[in-house]
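Participant: Sequence first, then the predicted structure:
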Amino acid sequence: ADHHKNLKAWMEIKDPEQIFTILLWQNMTSLLKSNQSIFANGFFFEKVGFDAELDGADQVLEGTLTPLYQQDEYLDFQSELKDFILALRYPKDDDGNRMEPMQWQFDADDYKSVFKRTRETTSCGPSGLYMSHWKAACQSDSLSRIHSFLIWSAFSLGFGYPRWERSWHCMLQKKKYPYCDKMRIIQLFEGDFNGALKFLIGRKMMQQVVATNQLDDNMFGSIPGRTAQEALITLHSLVDNHRLTLRNMMVVLNDAEGCYDRIRPNHLAMVLRRLGCPVPMSVGLCRILRRMKHHIRTSAGISSGYIQWNSTSEPFITILEGMIMEILANIGGIGQGGGFGPFGWFAVMLILLFCYKQYASGSKAIDSLGIMCVI
């Protein structure tokens, strides 16, 4: 933005507590971006619940929910919402049968396969357990069995341990100068929690989606056998074809800014269940994300204050001696840095691409020279 070019309009802050207070507030606004979602409030939210645990969530996935897009609050985007809800239904095979839920386990061998290959320098969450601890347990069969059982129990029964419910927001500088509103948030989760989800959701669920052919031709990221280079070659060939045939073409490059912050946990649970994630696993993950206490981590240390979800319509802030100690707000987001994040965004994009194709085909635009382009 232009205001970032005027350095005199900015104040340099060096006091750690003041930095934490400003970043806590700034990050809260980022996590509130998902409040515009139908998964955050309104009739649809009341049907599916905080953690997509209500009967309405099952009805949406099965395609039996009463046409809620006819509610007055949705009249402005009734047709779009109708297609969105239809896209949330369980996918069917050629015979009309629903895809079976993912069959999974997490035993000692799975534990070792996750943590043996993870680099020892990988940062972990705030409990004080480092990746070295998780890797060291791989040297013992009995320790591996104990850790794998703890992970299996949590995700098979749908609960989380207290140490899983805290995370650090590591603030990375994006611009030439460290503007407080232009920092990249990398969220550090607890090592075993994140590693297990990277295996169960990032790897096992992706394998199931590939095996059942639930992919979209326009998706390339995090998909086995596909690379970013293929997307570039496809775009390059398309542009060359229009250039050689002297046809008009318009290319719009959209950056999904703050995409992880705009996903509500119950939204994530719904799209994961749609692709075969077991209900206890999806609901348990949703509850852990919702109960998460978000602390700030900078070179100055760790903030004592934190941000946490609350159903309140307005943020409730506790201040002690001029410092923010607690912010309770109706935040969302799934955290950039989670091993489950790339697949979660992939599952959301499957729905968005379906809806996009319903409304974008045949769009027309006119540039400043009056040349019409058909998309």
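Facilitator: Received it, and whenever you're ready, just let me know what you need.

Participant: If you count residues, where's the longest helix of the protein?
Facilitator: Longest helix in the chain by number of residues, with DSSP state H as the criterion: helix 341-360.

Participant: now for that helix, which elements pack on it?
Facilitator: Contact analysis of helix 341-360 by 3 or more Cβ pairs under 8 Å, 6 or more residues apart in numbering; DSSP states H and E lists helix 78-87, helix 265-274 as its packing neighbours. Using the backbone N, CA and C atoms, a C-beta is placed for each residue, glycine as well.

Participant: Show me what secondary structure element comes after the last one.
Facilitator: Remark: after helix 265-274, the chain's next helix or strand is helix 279-291, criterion DSSP states H and E.

Participant: go on, the first one?
Facilitator: Under the assignment DSSP H and E, the closest C-terminal helix or strand after helix 78-87 is helix 108-115.

Participant: What residues sit buried inside that following helix?
Facilitator: Neighbour counts over helix 108-115 (16 or more other Cβ atoms under 10 Å) mark 108, 110, 111, 112, 114, 115 as buried.

Participant: Tell me how far that helix lies from the chain's centre.
Facilitator: The chain centre lies 24 Å from the centre of helix 108-115; the measure is Cα atoms, centre = their mean, to the nearest Å.

Participant: again, but for stretch 194-206
Facilitator: 14 Å.

Participant: likewise stretch 78-98?
Facilitator: 21 Å.

Participant: Would you format the buried residues of helix 108-115 as a markdown table with distance to residue 309 included?
Facilitator: Output for the buried residues of helix 108-115, formatted as a markdown table (distance: Cβ to Cβ, whole Å):
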| residue | distance to residue 309 |
| --- | --- |
| 108 | 34 |
| 110 | 30 |
| 111 | 30 |
| 112 | 34 |
| 114 | 28 |
| 115 | 29 |
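
Participant: quick one: which of those is nearest to residue 258?
Facilitator: Ranked by distance to residue 258 (Cβ to Cβ), the buried residues of helix 108-115 are led by residue 114 at 28.8 Å.

Participant: Contacts only, for the closest one.
Facilitator: When contacts are counted by Cβ atoms under 8 Å, 6 or more residues apart in numbering, residue 114 touches 195, 196, 198, 199.

Participant: wait, isn't residue 295 in contact with residue 165?
Facilitator: No. Contact status for residue 295 versus residue 165: not in contact, 11.6 Å apart, counting by Cβ atoms under 8 Å.

Participant: related to what we said a few turns ago, would you single out the least confident of the helices and strands packed on helix 341-360?
Facilitator: Ranked on mean pLDDT, the bottom entry among these is helix 78-87, at a mean of 80.

Participant: Now do that helix and helix 265-274, the angle between them.
Facilitator: Inter-element angle recorded for helix 78-87 and helix 265-274: 50 degrees (by axes from the mean of the first three to the mean of the last three Cα atoms, to 10 degrees).

Participant: Pull out the buried residues from helix 78-87.
Facilitator: Buried residues in helix 78-87, counting neighbours by 16+ other Cβ under 10 Å, are found at 81, 82, 83, 84, 85, 87.

Participant: and if you look at stretch 150-159?
Facilitator: Result for stretch 150-159 [16+ other Cβ under 10 Å]: buried residues 151, 152, 154, 155, 158.

Participant: Greatest separation within those: which pair is it?
Facilitator: Maximum distance among the buried residues of stretch 150-159 (Cβ to Cβ): 13.0 Å, for 151 and 158.

Participant: so where's the chain shaky on pLDDT?
Facilitator: 1-8, 67-77, 359-375 (pLDDT under 70).

Participant: ok, which stretches of it are strands?
Facilitator: Under the criterion DSSP state E, the chain contains strands at 166-173, 183-188, 293-298, 301-302, 306-309, 316-320, 323-329, 364-366, 372-374.

Participant: Dump the ones you listed to a markdown table, plus mean neighbour count and distance to residue 91.
Facilitator: Shown next, in a markdown table, are those (neighbours: other Cβ atoms under 10 Å; distance: least, Cβ to Cβ, whole Å):
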| stretch | mean neighbour count | distance to residue 91 |
| --- | --- | --- |
| strand 166-173 | 19 | 32 |
| strand 183-188 | 18 | 30 |
| strand 293-298 | 20 | 34 |
| strand 301-302 | 13 | 43 |
| strand 306-309 | 22 | 30 |
| strand 316-320 | 12 | 41 |
| strand 323-329 | 19 | 35 |
| strand 364-366 | 10 | 32 |
| strand 372-374 | 12 | 31 |
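
Participant: Quick check: which of the ones you listed is nearest to residue 92?
Facilitator: Residue 92 lies closest to strand 372-374 among the strands of the chain, at 32.7 Å (Cβ to Cβ).

Participant: so who does residue 277 touch?
Facilitator: Listed by Cβ under 8 Å, 6+ apart, the contact set of residue 277 reads 101, 102, 201, 205, 269.
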